[in-house]
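*Asks:* What follows is a protein structure lacking sequence information:
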């Protein structure tokens with residue numbers, strides 16, 4: 001069972017960049033598809049990006065396409081979310097999640113394993 005820990009959040013000015021990391025425990029991390037979600041105050045949790053277990057396929061929300069990239073290093077049991085050209089509307093708590101599947105998904109309910117989240121705040 002994967003246990004996930006996010007890091008890399010913080011305060012950044014609009015136009016800046018951050019790289020979030022999702023570190024997982026367990027030897028079988030490579031079999032998991034991993035997604036990033038975010039939740040702003042008063043809003044529902046929304047899909048941001050996901051990467052397949054092979055790393056060969058990724059999917060992004062329209063709101064972050066062209067600005068965010070996702071990658072994984074299975075030797076380090078870590079998935080990264082590189083966030084560039086950040087906007088104030090990107091402010092949220094960011095969560096990583098994992099599902100033991102070869103396919104990626106955009107629905108939070110399809111991910112059984114979650115981290116505790118990391119705060120990202122983008123000032124204008």
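*Replies:* Arrived safely, thanks for sending. As the structure is a prediction and not an experimental result, all values here were calculated from the model.
*Asks:* Output the below-cut-off pLDDT ranges for this protein.
*Replies:* Nowhere does the chain drop to pLDDT under 70.
*Asks:* show me where it has strands.
*Replies:* Counting by DSSP state E, one finds strands in the chain at the ranges 4-7, 10-13, 18-24, 33-39, 46-51, 58-60, 68-73, 78-83, 92-99, 113-114, 118-123.
*Asks:* Any buried residues in the second one, and which?
*Replies:* Along strand 10-13, the positions that meet the burial threshold by neighbour count (16 or more other CB atoms under 10 Å) are residue 12. All C-beta atoms are positioned from the backbone trio N, CA, C, and that covers glycine.
*Asks:* In the sheet, which residues pair with the residue sitting nearest the centre point of the chain? Tell me.
*Replies:* Central residue of the chain (CA atoms, centre = their mean): residue 36, 2.5 Å from the mean position. Under DSSP bridges, the beta-bridge partners of residue 36 are residue 49, residue 96.
*Asks:* so who does it touch?
*Replies:* By CB atoms under 8 Å, 6 or more residues apart in numbering, the contact list for residue 36 reads 20, 22, 48-50, 70, 79, 81, 94-97.
*Asks:* do that again at 10 Å, thanks
*Replies:* Neighbouring residues of residue 36 by CB atoms under 10 Å, 6 or more residues apart in numbering: 6, 20, 22, 47-51, 60-61, 64, 68, 70, 79-81, 83, 94-97, 115.
*Asks:* Also residue 65?
*Replies:* 49, 59.
*Asks:* what about residue 64, distance to residue 56?
*Replies:* Separation of residue 64 from residue 56 (CB to CB, to the nearest Å) stands at 20 Å.
*Asks:* Can you give me the first-to-last residue distance of stretch 85-93?
*Replies:* End-to-end span of stretch 85-93 (CA to CA, to the nearest Å): 18 Å.
*Asks:* Which of the strands of the chain sits closest to residue 106?
*Replies:* The closest of these to residue 106 is strand 46-51. By CB to CB, the value is 4.2 Å.
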